[in-house]
Each structure stands twice: as C-alpha cells, then as structure tokens.
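1. what follows is a protein structure lacking sequence information:
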Ligand SMILES: N[C@@H](CCC(=O)N[C@@H](CS)C(=O)NCC(=O)O)C(=O)O
C-alpha cells in the first residue's frame, strides 16, 4: 500500500500518527501527520481540519507546539498537518539554502518554471492528492476546513478561496495576505511562476477575495509580530473583504508575536469556529 505508518502516539484520548507516501503530484515521498479524535471510527467518521504550516516547518511544528489535541478531541474533528514543500534527493532548493524559498517554503503554489515545476506542485497536493488519500484510508468524512500560519495562512486562504466548494470554512494565523507585494512573496512567486506578475494574482488572497467568498473566514494577527508591516499586511485583506461583502473577521491581538506561543493562545477559537461550520453542514444532511 502506498501509505506507510512511521509513528503513533496516543494523545487526548485519540491518536497522533505520522505517515509517508509516494506522492504523485509532487513526484517524491511526502510525510504528513494526522490527529484522530477519540470518537473517530469506521461507524462514526469525523470531519477534517487541514493545517498548513509556515516557512521552515514540516508536519510536526503544529502537532508539537499548538496545543490543539484536547479541543479537537472534545469537538470530534481530525487534524491533518502537511509538509511545507516537496523533499528528498533531486528536489531543488534555494541556491543559498535560504529559509524563505525552496525546501520548507513551497508557498502552496503549482510552479510553472523549471526546475521547480517538477516537484513544487503543492497546491494540487494539498487540495487534491492529500485529501483523497486521507479520505480513502482514515475514518473521516469528505467535509473539510482549512487553516494555517504565515506562509501556511497564505496557503489556506488562497486554496480555500479558489476551491470554495471543497471546504466549509477558512482560518489563518498571521497570514501573508498580499504576497505579490512583499519580499517573501515576490521572491517565491517570481521563481516558481516566472516574472509575469499577472500569473501571480491567483496566489494572492487580497486579489482572490475580490471575486467574493461564500465561506466564513477568521484571521488572527499578533500586533507585536515582527513580520506584520513588511510581509503580512492583513489590513489589505480586510479592506478587500469589506469592499466585496466577504464574511471575514480579522482580530488584531495586542502583544502577540509570530510564534507558536501566539497560535497556541487562540487555536481553541479556530477549532471551535471550524467545528461549528463543519457541524452545520452535518445537521443539514
Ligand atoms: N527563520 C526565520 C523565520 C521563520 C519563521 O518564523 N517561521 C515560522 C513560520 S513563518 C515558524 O512557524 N517557525 C517554526 C516554529 O516556530 O516552530 C527568521 O528567523 O526570520
């Protein structure tokens, strides 16, 4: 079977498990982690929150630091944490091994430029291949929501906005809201997509949201985040949402920085937000 278990630990009455699999979309072995709440079983499938992490992360940062298990167990939602880029021999990296491009920095796009396009197809991996695999092998429903942090917040927003039929709700911590106009975004989008900036627009949440969004969106942002002004620019996303009637709540949180200390302080709110929208669809069925 194209799915290999590499760890499992009981936590909060449920299970944290890591797997690797041969991923077709990104042409390499990929690792992911799943938290299954105690009530998940073949006769009681549960909805899933997909979590996308930020620069330098892999499938473990959120699982080890966010403190999400007890609330997810209580709410009965699974959490899947993906890796942040393709990995392994033959996967190209930034020429200086910089932290903000290449390995650990896939930016959740489908690259069009060589040599990146052979492996860096993270948008398809996250939106298609990973959910199909998870739904085929674990006791989960097709209902899913999407969240993430920083580069992963950008990933959650852009993938959610472009595939609104696939998700029930979107949230983000400290997302890169306008990557076409910040240093992290310009570096990665120009390399992955080329220099024609019109090709970058479909990976910019502040642009995509102008087309509207039927899903509710929750964004938390620390006011003491060192990247707030230079890289993240949440006010631009809020302005575009308000101008286009999108249900987006931006909460500026005084004193919080960019770290997982911030995420762990508000993750329960995000889990409850997603559970409400996932459950609401359950009730309609
Ligand atoms: N290494 C970079 C920042 C990288 C960074 O802050 N990464 C965030 C996501 S953008 C993260 O989650 N790091 C891993 C962690 O805190 O566990 C720097 O020092 O400027």
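-> Alright, I've got the coordinates. This structure is a prediction, so every number in the text was calculated from the model and none was measured. Residues are numbered from 1 along each chain as shown.

2. now the strands for the stretch 151-285 of the chain?
-> Using DSSP state E, counting those that start in this stretch, the strands found in the stretch 151-285 of the chain span residues 170-173, 217-222, 248-253.

3. which strands or helices does the second one pack on?
-> Where contact means 3 or more CB pairs under 8 Å, 6 or more residues apart in numbering; DSSP states H and E, strand 217-222 is packed against helix 151-162, strand 170-173, helix 234-243, strand 248-253, helix 260-284. C-beta here means a position set from N, CA and C on the backbone, and glycine is covered the same way.

4. beta-bridge partners for the most centrally placed residue in the chain, please?
-> Centroid-nearest residue in the chain, with CA atoms, centre = their mean: residue 52, separated by 2.5 Å. Here residue 52 sits in beta bridges with residue 148, going by DSSP bridges.

5. quick check, it in contact with residue 126.
-> Yes - look at residue 52 against residue 126 with CB atoms under 8 Å: they come within range, at 6.6 Å.

6. show me whatever sits in contact with both of these two.
-> Listed contacts common to residue 52 and residue 126 are 82, 108, 155, 159; contacts here mean CB atoms under 8 Å, 6 or more residues apart in numbering.

7. for the residue of the chain found nearest the ligand, grab phi and psi.
-> Proximity of the chain to the ligand (CB to the nearest ligand atom) peaks at residue 54, 2.5 Å away. The phi/psi pair for residue 54 (degrees, to the nearest 10) reads phi -100, psi -170.

8. which ones are touching it?
-> Contacts for residue 54 (CB under 8 Å, 6+ apart) come out as 61, 84, 148, 149, 150, 151, 152, 153, 174.

9. so what's the fourth one up against?
-> Yep, that's residue 149 we're talking about. Contacts of residue 149 (CB under 8 Å, 6+ apart): 52, 53, 54, 57, 62, 172, 173, 174, 175, 263.

10. which of the residues in stretch 125-145 are buried?
-> Residues of stretch 125-145 classed as buried: 125-127, 129-131, 133-134, 138-141, 143-145 (neighbour count, 16 or more other CB atoms under 10 Å).

11. which positions in the stretch 101-250 of the chain make contact with the ligand?
-> By CB under 6 Å from any ligand atom, the residues of the stretch 101-250 of the chain that approach the ligand are 149, 150, 151.

12. recalculate using a threshold of 5 Å.
-> Residues of the stretch 101-250 of the chain lying close to the ligand by CB under 5 Å from any ligand atom are residue 150.

13. deepest-packed of the strands of the stretch 151-285 of the chain, please.
-> By mean neighbour count, with neighbours taken as mean count of other CB atoms under 10 Å, strand 170-173 ranks first of the strands of the stretch 151-285 of the chain at a mean of 30.

14. average pLDDT for that strand, rounded please.
-> Averaging pLDDT along strand 170-173 gives 98.

15. what packs against that strand?
-> Using 3+ CB pairs under 8 Å, 6+ apart, strand 170-173 sits against strand 140-149, helix 151-162, strand 217-222, helix 260-284.

16. residue 120 - nearest residue in space that isn't next to it in sequence?
-> The shortest distance from residue 120 to any non-neighbouring residue, by CB to CB, 6 or more residues apart in numbering, is to residue 111 (3.9 Å).

17. pretty sure residue 59 is touching residue 85, no?
-> No - counting by CB under 8 Å, residue 59 does not reach residue 85; the two are 11.4 Å apart.

18. with neighbour numbers in mind, choose between these two.
-> A count of neighbours by other CB atoms under 10 Å puts residue 85 above the other of residue 59 and residue 85, at 26 against 22.

19. per-residue pLDDT of that one, please?
-> In this prediction, residue 85 has a pLDDT value of 98.

20. what about stretch 136-155, distance to the chain center?
-> 6 Å (CA atoms, centre = their mean, to the nearest Å).
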